[in-house]
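*Asks:* Generate a structure from the sequence data that follows.
(one chain, ligands or ions: 3)
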Amino acid sequence: MAREDDTAMPGVWAPAMAPAVPRDLCTDCGISRTPEHKRCGQACQFIKPDYAGLEARVHGRARDASRPDEVHFGPFRRMVRASLKVPRENAQWTGITTRIAERLLETQAVDAILTMAPDPADKWRPVPVIVTSVAGLSLCRGMRMGYAPLLALLEPARAKGYKRIAVIGIPCQVHALRKLEADLGFDSITVIGTPCSDNTTTANFHTFLALLADDPATITYLEFRADYHVELRFSDGRVKEIPFLLLPISKLPGDFFPLTCRTCVDYTNSLADITVGYMGGEGEQWLLVRNQRGEELLRLLGDEVRLAGPGSAGKRQGAVKGFIANTARAAGGLPLRGMPNWLRPLVGWLMPRIGPRGLEFARARVEMKAAETILHLRRQHPARMRSMIPAHVWALMQPYGIVPGDGERGAAGHRVDSEVDRPSGRQGS
Ligand SMILES: Cc1cc2nc3c(=O)[nH]c(=O)nc-3n(C[C@H](O)[C@H](O)[C@H](O)COP(=O)(O)OP(=O)(O)OC[C@H]3O[C@@H](n4cnc5c(N)ncnc54)[C@H](O)[C@@H]3O)c2cc1C
Ligand code: SF4
Ligand code: SF4
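*Replies:* Numbers count the residues shown, from 1 in each chain. Ligands and ions are numbered 1, 2, ... in the order given. All right, here's what the predicted structure looks like:
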């Protein structure tokens, strides 16, 4: 058992963990490292997800196609654009995620927060930590690229006697947590979720950083912004913005993103109490308040937070169709755009001005992920389609002519409310 002083920061504990049991599609959420590692079969997003059932249990109802945007984003009470009036140092955006967690500790609403801190030897590598001090959460701010066994913290937290915990997690971690939560022995588990897409190993991420700058070790921040630019910050204060179209994607290996993240079905973390992202925020943060607990979490921020209604502009269909064609053409690799190099700077300049923005950008990204899920599984793991693809993913792809073929739709892919029947047949691959 690890000691309390495992990290340099008081109130931040990184318990020692058992090795992961090897699994086929796996993001090492931590369940395979627990004594009851066979629970993976029940819990895993990549084996037999149960979004409709879990949404009903966590939020009181499953996503409803008759409510605007729920097929795309999951059940929610309200969506807002948001930013902390005083942005927190080293936060990924303004720090709403960790500030909510701080408020939970300050108000003694929870005993401990389960989240990630940077590895002292590699700031881009996430390390699971149990945090019991407000100051300790400042260490956790910011996004790290990679997988880390967050849920292996559950047992040490329980053994410590923590009864009310909050977890900051990405969607594949939150699915497993929700699936098991009733049997974990806590009085309450609060879930602050972030969206997640295109994660990869920390080692792969370093390869990407090395392509973006001559001095990659000095990169302190990276974000794929909703204005079609990657923002890089450097330790000497420099900021660099690279249009998506000018990223050196063609230099990355085809398997740069593991199949898990190319077939992930829950971009927006639909089982969290509150989702804190940026995709629909037009340069600000984007919150999806999903249930009563989520309302209470937002209320904890009081007047520290500035809120506004979300905007939406542009049309996504052309961009999504182009992405689907490129994904199909890439035959399992990265979807490189079929565009001459001389045109890229011009289109890169135009996209933030005429491309989908705000909620329309978020819808476009969710639809692109849905297309990737179906096309990649069809190519690499067709036998998994029946169990892995939920109904909402099929519903999102129906307007683009991607519908289930024989044997591709199982119990997980049954209808979402109000879905319209269309003739079936295999297209889009
Ligand atoms: C790999 C990845 C991909 C993402 N992709 C998108 C996206 O496409 N669209 C979108 O809207 N948002 C995405 N997010 C979320 C986004 O980066 C911000 O984290 C989020 O908007 C919260 O910002 P903040 O300033 O409130 O966070 P902060 O207050 O800075 O807190 C960030 C929290 O995230 C945790 N965290 C950091 N890295 C990881 C990790 N690898 N695994 C698990 N937890 C981690 C930290 O420990 C911390 O608790 C992604 C996050 C990750 C980790
Ligand atoms: S992601 Fe988690 S639940 Fe799924 S196989 Fe890996 S450890 Fe098990
Ligand atoms: S993209 Fe999906 S599968 Fe990959 S780390 Fe993020 S939530 Fe997990």
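*Asks:* which outside residues touch stretch 16-25?
*Replies:* In this structure, residues lying in contact with stretch 16-25 by C-beta atoms under 8 Å, 6 or more residues apart in numbering are 1-2, 6, 26, 28, 30, 32-34, 37, 40, 44, 46-47, 128, 149, 152, 259-260, 263, 381, 384. In this view, the C-beta of every residue, glycine as well, is placed from N, C-alpha and C.
*Asks:* Does it reach ligand 3?
*Replies:* No. Counting by C-beta under 6 Å from any ligand atom, ligand 3 is not contacted by stretch 16-25; separation bottoms out at 8.7 Å.
*Asks:* All further residue positions should be reported with the first residue as 16.
*Replies:* With the count now opening at 16, the last piece we talked about shows up as stretch 31-40.
*Asks:* Can you point out the buried residues in that stretch?
*Replies:* 32, 35, 38, 40 (16 or more other C-beta atoms under 10 Å).
*Asks:* For ligand 2, tell me which of the contacts of stretch 31-40 show up nearby.
*Replies:* 41, 43, 47, 55, 59, 61.
*Asks:* Work out for me the element Leu69 sits within.
*Replies:* Using DSSP states H and E, Leu69 maps to helix 66-74.
*Asks:* quick one: the following helix or strand past that helix to chain centroid distance?
*Replies:* Of the helices and strands lying after helix 66-74 in sequence (DSSP H and E), the nearest is helix 85-88. On the basis of C-alpha atoms, centre = their mean, to the nearest Å, helix 85-88 sits 15 Å off its chain's mean C-alpha point.
*Asks:* what is the rounded mean pLDDT of helix 85-88?
*Replies:* Averaged over helix 85-88, pLDDT sits at 98.
*Asks:* Over to stretch 260-276?
*Replies:* For stretch 260-276, the per-residue pLDDT averages 86.
*Asks:* do stretch 185-195 as well
*Replies:* pLDDT averaged over stretch 185-195 gives 98.
*Asks:* For it, which outside residues touch it?
*Replies:* Contact with stretch 185-195 is made by 42, 44-46, 54-55, 57-61, 64-66, 69, 72-73, 165-166, 169, 182, 184, 204, 206, 208-211, 214, 275, 279, 281-287, as judged by C-beta under 8 Å, 6+ apart.
*Asks:* any chance of the buried residues of stretch 31-40 in JSON lines, with distance to ligand 1, pLDDT and secondary structure too?
*Replies:* Output for the buried residues of stretch 31-40, formatted as JSON lines (distance: C-beta to the nearest ligand atom, whole Å; pLDDT from 0 to 100; DSSP: H, G, I helix; E, B strand; the rest coil):
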{"residue": "Met32", "distance to ligand 1": "15", "pLDDT": "96", "secondary structure": "coil"}
{"residue": "Ala35", "distance to ligand 1": "15", "pLDDT": "97", "secondary structure": "coil"}
{"residue": "Arg38", "distance to ligand 1": "18", "pLDDT": "93", "secondary structure": "coil"}
{"residue": "Leu40", "distance to ligand 1": "17", "pLDDT": "94", "secondary structure": "coil"}
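*Asks:* from these, which single one is nearest Glu104?
*Replies:* Met32 (29.2 Å; C-beta to C-beta).
*Asks:* Spatially nearest residue to the closest one, not counting backbone neighbours?
*Replies:* Ala167 (4.8 Å; C-beta to C-beta, 6 or more residues apart in numbering).
*Asks:* what does the protein have sitting close to ligand 2?
*Replies:* 38, 41-44, 46-47, 55, 58-59, 61, 187, 191.
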